[in-house]
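Undergrad: give me the fold of what follows.
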Amino acid sequence: ATVIQRERQLISTESEIAYRQGQRWVPRLEKVKFVGSPVQSLPFKKGGHYLINGGLEGIGVEICKYLLQHFEARLLIIGKTPLPDESQWEIHLVQADVIAEQIHAYQTLQQAGGEIVYQAMDVSDLDSLKQWVEQNTSQLNGVIHLTGIPQERLLIEETYDSLSASFRAEILGVWTLHQLIKTQPNAIFINFASVNGFFGGATVGTIAAASRFQDSLTRYQLKQTALQSYCFHWTLWEDTAAKFPPQMAELSRA
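TA: Numbers count the residues shown, from 1 in each chain. All right, here's what the predicted structure looks like:
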C-alpha cells in the first residue's frame, strides 16, 4: 500500500512499473549491436519434425522453405483455410484469391525438399491438435507460431465476438501450442509477435495485447520448462505489407 501511494504522488509517465526485492524497475528498449557477437548455429535439427502455425502465408512460406532446403525437415503446417482436393487445384489456381495463393505456396514447398503435411484446423482445440500431430509424427522437435494479420479497429469498435476471434487464435492458440510441446525435452518454441506489443497502437489493441501475452509466455517457458523459447517482435515484413491497410504500413514505419 505504501508503494502504491508513493507511485500516485510521483510525476511519471511510466505505464508499467515493477517492484522486485524493494527495487523499482521500468521497462526500456535497448539497441543491440550484433557486430562482433559470436555466431551461433541455428537450433534446428537435420531431419527434425516441426509444427508451423501459419506456414502457407506471407513470411511463413519462406521460413518453411528454409527449413526444408537446409534441414530436410518434416513440417506439419496448420492454417485456417482448407485446401480443395488436389484434382481441383488447376481450377482454383486461375483465381486471384486466398485459396490460389495457398495452393501455390504448398506447391512451392513440395519442391523444396523434406516433407510437408497440411491441415486446416482450430489451433486452440488441443484434443484435435494432439490427435493430428500423433498421426503424423512420433515426436515434435519444435513449434513456430506466426502472428496473423490483424483487423484494424479502435477498441471502442471491438465486440465480444471480434475480441474472442482474435484472442482465440493469438492467445488461446499459442497457449494450446505450449501445452502440446511443453514436456518435450530441448524442443524449440518460436513466437512471431508484433512491435505493437511494446508500443501499442490506436487501432491494433488486440494484436498489442496478444503480443504482450506471447512475450510473457516466452519468459515463463524459459524459467519453468526445458523449452528453447524465443519471441521476436516484428514490424511489417515487406512482402506482406500489401495485405495491410496503407495507413497501418505508415504507422509501422514510424
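Undergrad: and whatever helix or strand I207 lives in, which residues are buried?
TA: Assigned by DSSP states H and E, I207 falls within helix 205-224. Neighbour-count burial for helix 205-224 flags 205-215, 217-218, 221 (criterion: 16 or more other CB atoms under 10 Å). The C-beta positions use only the backbone N, C-alpha and C, and glycine is treated the same way.
Undergrad: name the helices or strands packed onto the next helix or strand after it?
TA: Elements were assigned by DSSP H and E; along the chain past helix 205-224, the next helix or strand is strand 228-234. Judged by 3 or more CB pairs under 8 Å, 6 or more residues apart in numbering; DSSP states H and E, strand 228-234 is in contact with strand 188-194, helix 205-224.
Undergrad: mean confidence for the last one?
TA: Just to be clear, that refers to helix 205-224. For helix 205-224, mean pLDDT rounds to 92.
Undergrad: quick one: list the elements packing against it.
TA: helix 160-167, helix 173-181, strand 188-194, helix 196-199, strand 228-234.
Undergrad: now that helix against helix 173-181, angle please.
TA: Angle, helix 205-224 to helix 173-181, by axes from the mean of the first three to the mean of the last three CA atoms, to 10 degrees: 20 degrees.
Undergrad: angle of helix 205-224 against strand 188-194?
TA: Using the same axes, to 10 degrees: helix 205-224 against strand 188-194 is 150 degrees.
Undergrad: so what touches helix 205-224?
TA: Defining contact as CB atoms under 8 Å, 6 or more residues apart in numbering, one finds that helix 205-224 is touched by 145, 147, 150-151, 153-155, 158, 162-163, 166-167, 170-171, 174-175, 178, 182, 189, 191, 193-201, 227, 229-231, 233.
Undergrad: how about I116, secondary structure?
TA: Here I116 is strand, with the state taken from DSSP: H, G, I helix; E, B strand; the rest coil.
Undergrad: H49: neighbour count?
TA: For H49, the count of nearby residues is 20 (other CB atoms under 10 Å).
Undergrad: same question for F44.
TA: The number of residues packed near F44 is 17, by other CB under 10 Å.
Undergrad: let me know which of the helices and strands packed on strand 228-234 is the nearest to F34.
TA: With CB to CB as the measure, strand 188-194 is the member of the helices and strands packed on strand 228-234 nearest F34 (18.3 Å).
Undergrad: partners of that closest one in the sheet?
TA: strand 142-146 (parallel), strand 228-234 (parallel) (DSSP bridges).
Undergrad: tell me how far Q110 lies from T225.
TA: Taking CB to CB, to the nearest Å as the measure, Q110 and T225 are separated by 34 Å.
Undergrad: who's more crowded, those two?
TA: Comparing Q110 with T225 by neighbour count (other CB under 10 Å), the higher total belongs to T225, at 17 against 12.
Undergrad: ok, that one to R219 distance?
TA: In terms of CB to CB, T225 sits 11 Å off from R219.
Undergrad: if we can go back for a sec, out of the helices and strands packed on strand 228-234, the one nearest E57 is which?
TA: strand 188-194 (11.2 Å).
Undergrad: specify the local secondary structure of I52.
TA: Per three-state DSSP, I52 ends up strand.
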